[in-house]
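1. I'd like to go over a predicted model; first the sequence, then the structure.
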Amino acid sequence: MFTITIIKNFAAAHKLKMVTKKCENLHGHNWKVEVTIAGEKLNNAGVLLDFTILKKYLTTVIDELDHKYLNELEYFEKNPPSSENLAFYISEKISSCLTDNQDINVSKVIVWESDNAYATYYPQKK
């Protein structure tokens with residue numbers, strides 16, 4: 001199994017309910033996102049997927065989130081904008097970009113909300 005990982009950062013605000021009182025207030029994070037894709041075969045160029053292509057996919061997703069109030073985005077109106085739900089959301093978006101690459105799957109998405117706190121989502125293989 002081969003994997004490649006890219007990392008991108010964004011800034012956004014959110015509020016969470018029923019967590020700690022501090023998190024129920026509007027606050028922001030400088031999020032760090034790590035996306036790992038996996039596959040068993042390399043292409044003719046000897047790579048799983050060009051890093052540039054994966055970076056483009058993640059940039060498209062991050063542009064939807066960057067400098068936004070996450071609670072106001074359609075998906076997060078129904079799903080709390082926790083690190084866990086952000087990881088799931090990003091995974092789903094990246095997976096939809098990989099439909100032309102049937103042999104490649106999102107292996108994991110890590111969303112850091114601080115230097116010492118993160119959530120990881122491991123999607124099921126397609």
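-> Looks like it came in fine. Residues are numbered from 1 along each chain as shown.

2. in the chain, which helix or strand is least confident?
-> Lowest on mean pLDDT, DSSP states H and E among the helices and strands of the chain sits helix 21-24, with a mean of 76.

3. return the set of buried residues in the next helix or strand after that one.
-> As assigned by DSSP states H and E, the chain's next helix or strand after helix 21-24 is strand 27-39. Buried residues in strand 27-39, counted by 16 or more other Cβ atoms under 10 Å: 29, 31-39. (Glycine included, C-beta is placed from N, CA and C.)

4. again with stretch 58-75
-> 58, 61-62, 64-65, 68, 70-71, 73.

5. for the residues you listed, work out which two are farthest apart.
-> Largest separation among the buried residues of stretch 58-75 by Cβ to Cβ: 58 and 71, giving 22.0 Å.

6. find the nearest non-adjacent residue to the spatially most central residue of the chain, please.
-> Geometric centre of the chain, nearest residue: residue 90, 3.3 Å, by Cα atoms, centre = their mean. By the measure of Cβ to Cβ, 6 or more residues apart in numbering, the closest residue to residue 90 outside its immediate chain neighbours is residue 109, 5.1 Å from it.

7. let me know the helix or strand that that neighbour is in.
-> Assigned by DSSP H and E, residue 109 falls in strand 104-114.

8. residues contacting the closest residue to residue 114 other than its chain neighbours?
-> Spatial nearest neighbour of residue 114, chain neighbours left out: residue 29 (6.7 Å); criterion: Cβ to Cβ, 6+ apart. Shown in contact with residue 29 (Cβ atoms under 8 Å, 6 or more residues apart in numbering): 11-14, 113-114.
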